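> fold the following and give me the result.
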Amino acid sequence: MYNIFLDLISDKRRYLSYLFSIFANEKNENMAFEATKREWGELYAFFRLLADGFVHAGMSDGKKNEALKWPVAMVQREEHDGTRQYIVEAENIHIVGENIDKHIPREDFSTVAELVFDAVKQSKEYGVMSPDGVEEFLDEVAVHLSLKYDWRCAWFSPENFPVTLHHPKLIEKLIGKRFKKGLMNSLELDAAIGYLSQNFFDILPEEGYRVDTILERAETLVRRKGIRVFILDPYNCLEHQIPSGQSETQYISEFLEKLRSFARRRQVLVILAAHPTKMKKDPMSGKFPVPTMYDISGSAAFFNKADFGIAIERDRARGVTRVHVQKVKFRHLGQPGVASFQYNTCCGRFVPMQESKSPDIPDEDPKWDNSNWLVKKMPVQGEIL
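Numbering: from 1, shown residues only. I've put the predicted structure just below:
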C-alpha cells in the first residue's frame with residue numbers, strides 16, 4: 001500500500017523530483033499523513049500481535065478469550081525491501097530481512113499500538129491522521145533553531161524513515177500549509193525544498209547503526225556542512241553492543257560520555273530521544289503518569305549526564321501537549337517548569353497556549369500561526385532560486 005513512499009532514492013536530483021511528484025500526485029498526496037480506519041486497524045493488529053505474543057480466541061461479546069490463546073513465534077511479511085521475519089523473543093522483536101537484522105523492544109510495539117488505537121478511537125472521520133508525538137516536537141525544535149540562529153541540523157532517526165515521509169512534515173512546518181496540491185503553490189514548495197537541502201541532513205548508514213558509525217557520519221557533516229544540531233531518535237534504534245563483563249549501566253554511562261564528548265569538542269547541540277519503560281495507567285484517572293528521566297530503562301545516567309532533560313506529555317482528552325522541563329544544569333539558561341501547547345493539524349506546528357486552572361473555565365484559545373516562516377528567505381518574484 002505504501003510501497004511508492006518506501007523506495008530509497010539516493011540521488012539528490014532524483015529525490016527532489018520525486019518529492020515534487022508526490023506533491024502533484026492526487027492519488028498519493030495524503031498517504032504520508034492520513035489513512036483510513038481500516039488501514040490503521042490493520043497496523044494496530046500487527047503491532048498488538050507482536051507486543052502480546054499471542055493470538056486469542058474471540059468471545060461472543062467481541063472481547064478476547066484470555067483462557068484460550070496460542071503463542072506467536074514469528075510473523076513473516078512482504079515489505080518494501082523484500083521479505084521480513086518478525087521473530088517474537090522474550091523481551092524483543094528480532095527483525096530479519098535482506099537489508100535488516102535488528103532487535104526492537106516488544107514494549108515499543110505496545111506503545112505505538114496504543115497511540116494508533118487512541119487516534120482511531122477519538123477520530124470521528126473515516127480518514128485518521130497519524131498520531132503526533134516526540135518526533136514532531138523534535139522537528140519543531142530543529143526548525144526553530146535553524147530559522148532563528150541559522151543552525152543546520154542532522155538526524156539519525158529510523159522512526160522518520162524514509163525521508164520521503166519526513167521531509168513533507170518539515171515542509172509543512174516551514175510554509176504553514178498542508179503538503180497538498182491546491183494549498184501550497186510551486187514557489188513555496190520550491191523554496192522549502194531548497195531550504196531543506198541546505199540546512200537539514202539525514203544519517204542512515206547502510207553498514208549499520210553502531211554508535212561509532214553514527215558519530216563518524218555526524219563528524220563529517222560538522223566539517224562539510226557546518227551542522228550545529230544533531231538529533232538521535234530514538235536511543236533503542238541504535239545497535240548497542242555491550243562488551244562481555246560490562247553491565248548495562250556501565251555501558252550506558254560510557255555511551256552518554258561519547259555523546260557529551262562529541263558535543264563539547266564540536267560545539268554541537270546533541271539531542272537524544274529515549275523512550276521510558278512501559279508506564280502503567282493510574283487506576284483512578286485512567287491516565288499515564290508523566291515519565292521522568294529515571295524511567296528510561298537501563299540507567300540513572302540518562303538524568304545525571306544530561307545538561308537538559310525534558311519529557312513530552314500528550315493529553316489527548318484535552319488536546320494539549322505539555323513539555324515538562326525536568327532538568328536544567330546551568331540556571332542562567334533556564335529553569336524547570338511546564339509549558340503547554342496545542343498541535344496545529346493544518347501544518348504540524350505546536351502553538352503555545354494557556355491552560356485553565358479550573359475545570360469550569362475553558363482553556364484560552366491559542367493564537368494559531370499559519371504564516372510562511374520562510375517568507376523573509378524567499379526570493380522576490382522573478383528571482384531564480
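
> where does the stretch 151-300 of the chain have low pLDDT?
161-163 (pLDDT under 70).

> if you set the cut-off to 90 instead, what comes out?
157-169, 178-187, 189-190, 204-210, 233-249, 274-300 (pLDDT under 90).

> can you give me the helices for it?
Remark: helices assigned in the stretch 151-300 of the chain by DSSP state H, counting those that start in this stretch are 163-175, 186-199, 211-225, 248-266.

> return the set of buried residues in the last one.
In other words, helix 248-266. Tyr251, Ile252, Ser253, Phe255, Leu256, Leu259, Phe262, Arg266 (16 or more other Cβ atoms under 10 Å). All C-beta atoms are positioned from the backbone trio N, CA, C, and that covers glycine.

> and what of the third one?
Across helix 211-225, burial judged by 16+ other Cβ under 10 Å covers Val211, Thr213, Ile214, Leu215, Arg217, Ala218, Glu219, Leu221, Val222.

> would you state the strands of the stretch 51-200 of the chain in chain order?
Assigned by DSSP state E, counting those that start in this stretch, the strands in the stretch 51-200 of the chain fall at 54-58, 64-71, 74-79, 82-88, 92-97, 101-105, 127-129, 152-156, 200-202.

> between the buried residues of helix 211-225, which sits nearest Ile193?
Leu221 (19.1 Å; Cβ to Cβ).

> so who does that closest one touch?
Ala154, Phe201, Ile203, Ile227 (Cβ atoms under 8 Å, 6 or more residues apart in numbering).

> partners of the first one in the sheet?
Same thing as Ala154. Per DSSP bridges, residues listed as beta-bridge partners of Ala154: Phe201, Phe230.

> what's the least confident stretch among the strands of the stretch 51-200 of the chain?
Ranked by mean pLDDT, the strands of the stretch 51-200 of the chain bottom out at strand 127-129, with a mean of 53.

> looking at Pro379 now. What's its pLDDT?
For Pro379, pLDDT reads 40.

> now do Gly62 against Val351, distance only.
39 Å (Cβ to Cβ, to the nearest Å).

> ok, Leu204 next?
31 Å.

> wait, what's in contact with the nearest residue to Val323 once chain neighbours are set aside?
Closest residue to Val323 apart from its sequence neighbours, by Cβ to Cβ, 6 or more residues apart in numbering: Ala339 at 4.8 Å. By Cβ under 8 Å, 6+ apart, the residues touching Ala339 are Arg322, Val323, Val325, Pro352.

> try it again with 10 Å
Ile310, Thr321, Arg322, Val323, His324, Val325, Phe350, Pro352, Met353 (Cβ atoms under 10 Å, 6 or more residues apart in numbering).

> which one of these is nearest to Ser186?
Among those, and counting by Cβ to Cβ, the member closest to Ser186 is Phe350, at 27.4 Å.

> tell me which helix or strand the closest one sits in.
strand 349-352 (DSSP states H and E).

> tell me the buried residues in that strand?
Buried, per 16+ other Cβ under 10 Å, within strand 349-352: Arg349, Phe350, Val351.

> and stretch 102-120, by the same measure?
Buried-residue list, stretch 102-120, by 16+ other Cβ under 10 Å: 102, 104-117, 119-120.

> can you tell me how far the most centrally placed residue in the chain is from Ala73?
For the chain, the residue nearest the mean C-alpha position is Glu135 (2.6 Å; Cα atoms, centre = their mean). Per Cβ to Cβ, Glu135 is found 31 Å from Ala73.

> what's the most buried one of the strands of the stretch 51-200 of the chain?
strand 152-156 (a mean of 24; mean count of other Cβ atoms under 10 Å).

> which secondary structure elements does that strand sit against?
helix 134-149, helix 163-175, helix 186-199, strand 200-202, helix 211-225, strand 227-232, strand 269-272 (3 or more Cβ pairs under 10 Å, 6 or more residues apart in numbering; DSSP states H and E).

> save these as a markdown table, and put in distance to Gly58 too.
Shown next, in a markdown table, are those (distance: least, Cβ to Cβ, whole Å):
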| stretch | distance to Gly58 |
| --- | --- |
| helix 134-149 | 34 |
| helix 163-175 | 34 |
| helix 186-199 | 47 |
| strand 200-202 | 43 |
| helix 211-225 | 44 |
| strand 227-232 | 41 |
| strand 269-272 | 42 |
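
> can you tell me which of the ones you listed is nearest to Trp40?
It's helix 163-175; of the helices and strands packed on strand 152-156, that one is closest to Trp40 (Cβ to Cβ) at 15.5 Å.

> return the alpha-carbon coordinates of that closest one using PDB.
Provided in PDB are the C-alpha atoms of helix 163-175 (Å, rounded to 0.1, in the frame of the first residue of the first chain):
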ATOM      1  CA  VAL A 163      13.000  10.700   4.300                       C
ATOM      2  CA  THR A 164      10.300  11.000   1.700                       C
ATOM      3  CA  LEU A 165       7.800  10.800   4.600                       C
ATOM      4  CA  HIS A 166       9.800  13.000   7.000                       C
ATOM      5  CA  HIS A 167      10.600  15.900   4.600                       C
ATOM      6  CA  PRO A 168       6.900  16.700   3.800                       C
ATOM      7  CA  LYS A 169       6.300  17.200   7.600                       C
ATOM      8  CA  LEU A 170       9.200  19.700   7.800                       C
ATOM      9  CA  ILE A 171       7.900  21.500   4.700                       C
ATOM     10  CA  GLU A 172       4.500  21.900   6.300                       C
ATOM     11  CA  LYS A 173       6.100  23.500   9.400                       C
ATOM     12  CA  LEU A 174       8.200  25.900   7.300                       C
ATOM     13  CA  ILE A 175       5.400  27.000   4.900                       C
END
